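Peer 1: With the sequence up front, the predicted model follows.
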Amino acid sequence: QQQVKQSPQSLIVQKGGISIINCAYENTAFDYFPWYQQFPGKGPALLIAIRPDVSEKKEGRFTISFNKSAKQFSLHIMDSQPGDSATYFCAATYSGNTPLVFGKGTRLSVIA
Amino acid sequence: DAGVIQSPRHEVTEMGQEVTLRCKPISGHNSLFWYRQTMMRGLELLIYFNNNVPIDDSGMPEDRFSAKMPNASFSTLKIQPSEPRDSAVYFCASSPWTGGGEAFFGQGTRLTVV
């Protein structure tokens, strides 16, 4: 019930292409779905987040798509750049006294 | 704000030794989390505190692990005795809510037990 399943484990995208990372969850009580970005030697940092009252949220080149009925959400990175190369984690939690539950991460490499 | 501050950044210790990791959360944040990151298991929650009180330590792998938060600005994670399988990156994170929102992570402590 508390798991968040993330795919793929790794992703290689050409510069300028679209990177897509997918996550699925089981717990329908989850109501906050963030994506974190982690560079080597650094801690994860919030990239973008969505709540289930909307189906899409866009910030610059980063978009979260949310499908409540399918219990899935995804991160799209448009016009991917080498500087986007990092590990991306999806996560979920719900209002109250619960911490974030993280997916296993996706290592993205954007090649020129 | 300086963000979440962890020390040390790197720790190399011999099996059987006691290891203490330290964390200073962001001022004013109510919740503090300790996570462990490994290639095999990803980011695992070890324990979290709300208003300095431990809420859930079910993620602590064994009795060798203990955590304290004596005040709102300081927390420690102790491993005694340490074992090679404890080698990982340990992250502390804090949040301005009592759960249910964004967590801000420190830079992590890379622990190597030889």
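Peer 2: Yep, that arrived.
Peer 1: could you check whether the helix or strand of chain A with the lowest mean pLDDT is close to chain B?
Peer 2: In chain A, no helix or strand scores lower on mean pLDDT, DSSP states H and E than strand A:101-102, which sits at a mean of 92. Yes. Applying C-beta under 8 Å from any C-beta of the partner chain, one finds that strand A:101-102 is in contact with chain B at A:101, A:102. No exception for glycine: its C-beta is placed from N, CA and C like everyone else's.
Peer 1: Parallel or antiparallel, which strands does that strand pair with?
Peer 2: Strand A:101-102 pairs in its sheet with strand A:86-92 (antiparallel), by DSSP bridges.
Peer 1: I would like the residues contacting the strand it pairs with, please.
Peer 2: A:4, A:6, A:21, A:23, A:25, A:27, A:30, A:32-39, A:44, A:47, A:73, A:75, A:100-103, A:105-108, B:42-43 (C-beta atoms under 8 Å, 6 or more residues apart in numbering or on different chains).
Peer 1: out of these, which are inside strands?
Peer 2: Counted as lying in strands by DSSP state E, out of the contacts of strand A:86-92, are A:4, A:6, A:21, A:23, A:25, A:33-38, A:47, A:73, A:75, A:101-102, A:106-108, B:42-43.
Peer 1: Show the buried residues in the residues you listed.
Peer 2: A:4, A:6, A:21, A:23, A:25, A:33-38, A:47, A:73, A:75, A:101-102, A:106, A:108, B:42-43 (16 or more other C-beta atoms under 10 Å in any protein chain shown).
Peer 1: all strands for chain B, in order.
Peer 2: Using DSSP E, strands in chain B cover B:5-7, B:10-13, B:19-24, B:31-38, B:42-50, B:53-56, B:65-71, B:74-79, B:88-95, B:104-105, B:109-113.
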